[in-house]
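*Asks:* sequence-free structure coming up:
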């Protein structure tokens, strides 16, 4: 094995994920990786770089280009006591595996009365902003968050990427782990030696910036954008509270509600379409739980209900700081 990195270290998110996989494989002999080109190539984004060399082809398995077969194989491995970690090379290629995920992965524990566990982690690089072609910039998280029996999480920074992935692999439940691919190269301090037992809870949201005028809720790739919007707002004399949702299913409504009761206003942003999106569910729950604290309607900022556009148009599709701040204005001063 290669030497474990000293802690803490400034790592890009991609390297932090690699370190998490390495630590999980060192700690558990039953952890196996499956995916397209994850062995010698190290994956489409090199997240598994070097792992096959160190752990061998029986634990880092190059699969055919067949997502349904990959996830189906992971189900069989899980039934026999393994902890498979599946890599879906790009978000848009998860759909061939949809039947296996929804009909088998999410159901087997319930179907067997709790006798069969499904400790499967499915890693999904998702979201836009990389100038890619069709099927490579999707945000399919809502499909899976709506499916009972699945845990769905998304990291936004290197430190969370490392620890949340380790927590997901350690879980006895299936976890859809969504990785914001355009943030793979952003660096952050990562303690790769930290203990899971002392870690921040996997399904708890995190308040990244305190504020009093409005709450901005984001997850995955748009957390950095929300923080940028908060910086701009501060220069204009407005104080925005920024929350990183982290867990999409289950939702941490306690953290969200506490913030909304303080600020009285909420803006939710995600790359996925707002129609039937994660933001719609959160808005409904907030208006149910915090109705008498709200000073303005909940605002949502997201993708449009169209297929993801060609690369030259994606800057108009993806939410940016200006669109978030426009929504903040609507909560503070009303529509133009």
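*Replies:* Nice, I can see it. Just so it is clear, the model here is predicted, and its values are computed rather than measured.
*Asks:* Only C-alpha atoms from now on, for both contacts and neighbour counts.
*Replies:* Noted.
*Asks:* Name the SS class of residue 153, please.
*Replies:* At residue 153 the chain is in strand, as set by DSSP: H, G, I helix; E, B strand; the rest coil.
*Asks:* OK, contacts around the spatially most central residue of the chain?
*Replies:* The centroid of the chain falls nearest to residue 154 when counting by Cα atoms, centre = their mean (1.4 Å). By Cα atoms under 8 Å, 6 or more residues apart in numbering, the residues touching residue 154 are 177-180, 219-220, 246-248.
*Asks:* Take those residues and lay them out in a markdown table including pLDDT and neighbour count.
*Replies:* Shown next, in a markdown table, are the contacts of residue 154 (pLDDT from 0 to 100; neighbours: other Cα atoms under 10 Å):
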| residue | pLDDT | neighbour count |
| --- | --- | --- |
| 177 | 98 | 27 |
| 178 | 98 | 28 |
| 179 | 98 | 26 |
| 180 | 97 | 25 |
| 219 | 98 | 25 |
| 220 | 97 | 26 |
| 246 | 98 | 26 |
| 247 | 98 | 25 |
| 248 | 98 | 24 |
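*Asks:* Save those residues as TSV, and put in secondary structure and distance to residue 16 too.
*Replies:* Below are the contacts of residue 154 laid out as TSV (DSSP: H, G, I helix; E, B strand; the rest coil; distance: Cα to Cα, whole Å):
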residue	secondary structure	distance to residue 16
177	strand	14
178	strand	14
179	strand	12
180	strand	13
219	coil	18
220	helix	15
246	coil	16
247	strand	19
248	strand	21
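*Asks:* Kindly reformat those residues as CSV containing distance to residue 116.
*Replies:* Shown next, in CSV, are these (distance: Cα to Cα, whole Å):
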residue, distance to residue 116
177, 21
178, 25
179, 27
180, 31
219, 31
220, 31
246, 27
247, 24
248, 24
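*Asks:* quick revisit: tell me what the closest residue to the residue nearest to the centre of the chain other than its chain neighbours is bridged to.
*Replies:* Spatial nearest neighbour of residue 154, excluding adjacent residues (Cα to Cα, 6 or more residues apart in numbering): residue 178 at 4.6 Å. Residue 178 has these beta-bridge partners by DSSP bridges: residue 124, residue 154.
*Asks:* And residue 178, how close does it get to residue 14?
*Replies:* 13 Å (Cα to Cα, to the nearest Å).
*Asks:* Equivalent analysis for residue 205, please.
*Replies:* 22 Å.
*Asks:* any chance you could read off phi and psi for residue 318?
*Replies:* Main-chain torsions, residue 318, degrees, to the nearest 10: phi -80, psi 140.
*Asks:* Identify the residues contacting residue 99.
*Replies:* With Cα under 8 Å, 6+ apart, residue 99 has these contacts: residue 68.
*Asks:* One more: the one 3 residues further on?
*Replies:* The neighbours of residue 102, taking Cα under 8 Å, 6+ apart as the test, are 144, 147.
*Asks:* try 7 Å
*Replies:* With contact taken as Cα atoms under 7 Å, 6 or more residues apart in numbering, residue 102 is in contact with residue 147.
*Asks:* Ok, residue 118 next?
*Replies:* So residue 118 contacts 78-79, 105, 109, 172-174 (Cα under 7 Å, 6+ apart).
*Asks:* give me that answer again for 8 Å
*Replies:* When contacts are counted by Cα under 8 Å, 6+ apart, residue 118 touches 75, 78-79, 105, 108-109, 172-174.
*Asks:* quick one: contacts for residue 210?
*Replies:* The neighbourhood of residue 210, defined by Cα under 8 Å, 6+ apart, consists of 239-242.
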